[in-house]
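**Student:** any chance you could fold what I've pasted below:
(chains A and B)
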There are 2 protein chains.
Amino acid sequence: MSQKTVSIYDTTLRDGTQGTGISFSVLDKIRVAQRLDAFGIDYIEGGWPGSNPRDAAFFEEAAKQEWKHAKIAAFGMTRRGRISVEEDSQVRMLLAAETPVVTIVGKTWPLHVTEVFGVCLEENLAMIADTVKYLKAHGREVFYDAEHFFDSYREDPAYSLATIKAAKDAGADLVILCDTNGGSLPGFVGEVTRTAVAHLGASVGIHTHNDSGLGVANALAAVEAGASQVQGTINGYGERVGNCNLVSVIPTLQLKYNIPVVPDLTQMREVSVFVDELANVPHDIRAPYVGAAAFTHKGGLHVHAVQKLARTYEHIDPSLVGNRQTIVVSDMSGQTNVLMRAKALGFELEKGSAQVSEILTKIKAAENEGYEFEAAEGSFNLLIRKALGLYRPLFELKEYHCNYRNLGTNGSDLCEATVKLIVGGVPEYTVAEGDGPVNALDAALRKALRPFYPWIDTLRLTDYKVRIVDGARGTAARTRVLIESTDGNTNWGTVGVSDNIIQASWEALVDSYEFFSAGR
Amino acid sequence: MSQKTVSIYDTTLRDGTQGTGISFSVLDKIRVAQRLDAFGIDYIEGGWPGSNPRDAAFFEEAAKQEWKHAKIAAFGMTRRGRISVEEDSQVRMLLAAETPVVTIVGKTWPLHVTEVFGVCLEENLAMIADTVKYLKAHGREVFYDAEHFFDSYREDPAYSLATIKAAKDAGADLVILCDTNGGSLPGFVGEVTRTAVAHLGASVGIHTHNDSGLGVANALAAVEAGASQVQGTINGYGERVGNCNLVSVIPTLQLKYNIPVVPDLTQMREVSVFVDELANVPHDIRAPYVGAAAFTHKGGLHVHAVQKLARTYEHIDPSLVGNRQTIVVSDMSGQTNVLMRAKALGFELEKGSAQVSEILTKIKAAENEGYEFEAAEGSFNLLIRKALGLYRPLFELKEYHCNYRNLGTNGSDLCEATVKLIVGGVPEYTVAEGDGPVNALDAALRKALRPFYPWIDTLRLTDYKVRIVDGARGTAARTRVLIESTDGNTNWGTVGVSDNIIQASWEALVDSYEFFSAGR
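**Tutor:** Residues are numbered from 1 along each chain as shown, chains lettered A, B, ... in the order given. Take a look at the predicted model:
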């Protein structure tokens, strides 16, 4: 198996964008394509020029770029029935995209040919052959996607094989078998792939979907059966449940099948997170290989064993995919978890000591109130400090106040906050405006603290997440606010919980300043 | 394959709770167990009495319940080395749980036996046999989980088989092969399962993890090789990436392998959502079978075909698992999507009309500003009404104002809102208090509207979600607020976007009242 070559074809920018909640601007698409190119992806399908005007703009930009490795592909479909391929404007737009590769999808399933396309089976074969031939004549590398191949094969194996033979004979560089509905099982996928390869006397590609939770498994079954290309998307975006997740396939092929696919696999996590950030989708903490929790150990027994022998509860070394091992603090924590977590933050605690007990109790109590420290190491750090008697408040709060006035559709709005506190023995009473309540409070707080803590402006807030901890009670629910901050070098999270979103935000804000101060 | 019987063993309440961010109170656990029992799950592993005091409380409660079908299992491990099983307090606690079933995990991998347990290989076999025998003698149904079976088999097949033989010979009712690290491939899992079944002369269970994205595929491979029990969790919760996802396995076994596992599969989605709600985890829209997007069609081409032939882009009829087909409105929408979506809301629009064009333009513009209508059908409805000239505002806003005062650690806090508007030609100027700004505004608004719209109290807010649309700018980011409301019969969502969280909330709140009013 190690002599096999498998190319990776990414359709994040086309099939991926058909997923609910996923959309990219043209600039986003270029950035994603550049990242994938640098990562070593072989083919990048940029869009469907005949369907989406935004995609034509992508191809214009893409043509101006230098691509280190990847070949850009334009996606389209076979010519329409009953016209010549030269007359088909959609096909012309495919050529106008000026890409080295063109991928066209065609109908395999007799049902679709007659009911959706409204042509006879013979005409469909001509549509496939004509379009492939035409594109080849114009110097393109041509891939043919056989839509619904596996469902069609179940009903009419002969016709299904005829469609892909028509594509191959017309000069298609690669035929890709698509499990368009995502409903096939790996055994069947392997069997049919083997048959197709034998029928064509050439290898094929595989394009699966995850509707049964088997998108990755089906792709691997096809590779085992002789497929030499896997089509999928980063993070499994796509129509309905999504496409084959390349982020699960690539490490599995490389580390478990010994099939080299990318030059530097340690970039895997970064690529996955990067694409989610551009898509504005929260990164799945449980994503195989690259999720934040993928190598996170929580259960007391596992943590104990992991400390002893790293490989015992990890199927691969996390650093191979750019990920790392983490120990999570939670109310399931045995002493080991807390000790390890505290040690990572620089505190040497004594196993079995009253301090560790107290910290465990405080964590449990906080979690019952809705706090979560998994992304809030800043607040966790302060909790430990308080238990160890190492905590020094930055100031004494007397009062704060926030006022928002909205003057209706024809008016303006004003958000103002005041802060009254004592810092270094001196009373400070400041006021500031802001875009919103938290922004205004932050500005007022900085005004009050700046004279005593000139370093205050080194700290910047970078993200703000709100989660309702008991959402079933509507607007009277407990709010958990997570703030992320940076000093330009490191990032940290802090958390606040309250019935009132402003108070929860204030808490997380103050924790951020106090944590930063403690670390200086 | 249709004669095969496969039992389902759920460990959501034990292995599932080892997942990052997942925890259940004792009451939650009882509620989940009752739901799973009603659904037809065969075994429910409730916890580990020897490890977590909260679990002992669960078993006490469970013993008082009437279980319609499921058998409750207590989880534990083989006796410690170098003591007799009668002396092992953890084993005693297992019996004290008074469950019909006890599942114990034991070491298979020589590396673990010597390095983690610190005993010799022979002693480990005795630990397994002694513990199984002891539990059987006390009248329990005993399951033996062979930890790390597949990794161990790779290194030392003879010893691995010896461990499960020891368990079987000592009377274990079922031996379960565990892919504890989640790193195995389906071919290997099938092969090893077949060997184990032959060696024992009896069937086995399978317990997989999803670290390679193959948790479900590995479980199915084992079933094909003769396994008669699948262990997993609802929604795939669990350590690291998680356990085998029963929500993907159950429909696949029942609908594609024709192996009946639950009496009423149409409850599948509800069960999945119910458990996520208790765990306070957002339901994965892309979850196979049950995700909100699992049968959601977005791309223009697919929507057109789906309208024509429902089964063409759906691998199963969504209603079989309690899910439904949805058409999503997005800026990828062709006319078809918008027409279908509007029709579902009761508007007959004319294809190609200026109105549809205008609606499409408005949707696109709103989405660029950060609006998302996928869960906010109330706001989408109002958008259509405005385009069709059918919109009637409930009131004219002059001004609103919100004031929050916090008196420090020794004081109290006060959140007050005022609303100034004209309703039915009459000026109203009201004030109200609340737990937080949105709560206070809602109360003030109701006060003002109640005299004119007495039905106002029929409407209740049930959920409130906040998402930062451009989080990279910290607290000055755009905020998107999604409010869910109900009148006791139906639920609907409304959305608001602004730099200011209060204004965004106000928008979503007013949309909710106006949508409700329009529908009466």
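
**Student:** by mean pLDDT, flag the weakest helix or strand of chain A.
**Tutor:** Per-element confidence for chain A was summarised using mean pLDDT, DSSP states H and E. The lowest value among helices and strands belongs to helix A:300-308, with a mean of 60.

**Student:** ok, the one residue in the stretch 251-400 of chain A that gets nearest to chain B - contacts?
**Tutor:** Distance from chain B to each residue of the stretch 251-400 of chain A (CB to the nearest CB) is smallest for A:H315, at 2.6 Å. C-betas here are computed from N, CA, C, even on glycine. When contacts are counted by CB atoms under 8 Å, 6 or more residues apart in numbering or on different chains, A:H315 is found next to B:N181, B:G182, B:G183, B:D211, B:S212.

**Student:** try it again at 6 Å.
**Tutor:** Neighbour list for A:H315: B:N181, B:G182, B:G183, B:D211 [criterion: CB atoms under 6 Å, 6 or more residues apart in numbering or on different chains].

**Student:** so how far is A:I502 from the last one?
**Tutor:** Meaning B:D211. Using CB to CB, to the nearest Å, one gets 41 Å for the distance from B:D211 to A:I502.

**Student:** one step back: how about the residue of the stretch 251-400 of chain A closest to chain B, secondary structure?
**Tutor:** Secondary structure, DSSP: H, G, I helix; E, B strand; the rest coil: A:H315 is coil.

**Student:** quick one: residues contacting the residue found closest to it once you drop the neighbours it is linked to in the chain.
**Tutor:** Take A:H315 and drop its neighbours on the chain: the residue closest to it by CB to CB, 6 or more residues apart in numbering or on different chains is B:G183, 2.6 Å away. Neighbouring residues of B:G183 by CB under 6 Å, 6+ apart: A:H315, B:D211, B:S212.

**Student:** one more time with 10 Å, if that's ok
**Tutor:** For B:G183, the contacting residues are A:252, A:255-256, A:314-316, B:150-151, B:209, B:211-212, B:214, B:218, by CB atoms under 10 Å, 6 or more residues apart in numbering or on different chains.

**Student:** among those, which lie within strands?
**Tutor:** When strands are assigned by DSSP state E, not one member of the contacts of B:G183 lies inside them.

**Student:** now flag whichever of these is closest to A:I176.
**Tutor:** Each of the contacts of B:G183 was scored against A:I176 by CB to CB, and A:T252 proved nearest at 19.5 Å.

**Student:** let me know whether the closest one touches A:G232 as I believe.
**Tutor:** No - with contact taken as CB atoms under 10 Å, A:T252 and A:G232 are classed as non-touching, separated by 11.8 Å.

**Student:** more neighbours: the two, which one.
**Tutor:** When neighbours are counted by other CB atoms under 10 Å in any protein chain shown, A:G232 comes out ahead of the other of A:T252 and A:G232, with 32 against 26.

**Student:** that one: what secondary structure?
**Tutor:** For A:G232, the assignment made with three-state DSSP gives strand.

**Student:** wait, what's in contact with it?
**Tutor:** For A:G232, the contact set (CB under 10 Å, 6+ apart) comprises A:8-12, A:15-16, A:206-210, A:215-216, A:219, A:238, A:242-250.

**Student:** please redo it, this time with the cut-off set to 7 Å
**Tutor:** Residues counted as contacts of A:G232 (CB atoms under 7 Å, 6 or more residues apart in numbering or on different chains) are A:A219, A:N243, A:C244, A:N245, A:L246, A:V249.

**Student:** quick check: the residue nearest to the second one when sequence neighbours are not counted vs A:Y429, distance?
**Tutor:** What sits nearest to A:N243 in space, not counting adjacent residues and going by CB to CB, 6+ apart, is A:T233, at 4.3 Å. Spatial separation of A:T233 from A:Y429 under the definition CB to CB is 55 Å.

**Student:** try A:D284
**Tutor:** 46 Å.

**Student:** those two: which is more packed in?
**Tutor:** Each of A:D284 and A:Y429 has its neighbours counted (other CB under 10 Å); A:D284 has more, 21 against 13.

**Student:** A:V290 is in contact with the more buried one, correct?
**Tutor:** No - with contacts counted by CB atoms under 7 Å, A:D284 stays clear of A:V290, the gap being 8.6 Å.

**Student:** of the contacts of A:H315, closest to chain A?
**Tutor:** Distances from chain A to the contacts of A:H315, taken as CB to the nearest CB, are shortest for B:G183 (2.6 Å).

**Student:** A:E66: neighbour count?
**Tutor:** A:E66 has 6 neighbouring residues, counting by other CB under 10 Å.

**Student:** correction: the previous question concerned A:A96.
**Tutor:** 15.

**Student:** tell me the pLDDT at it?
**Tutor:** At A:A96, the pLDDT value in this model is 95.

**Student:** cool, A:N243 as well?
**Tutor:** In this model, A:N243 carries a pLDDT of 97.
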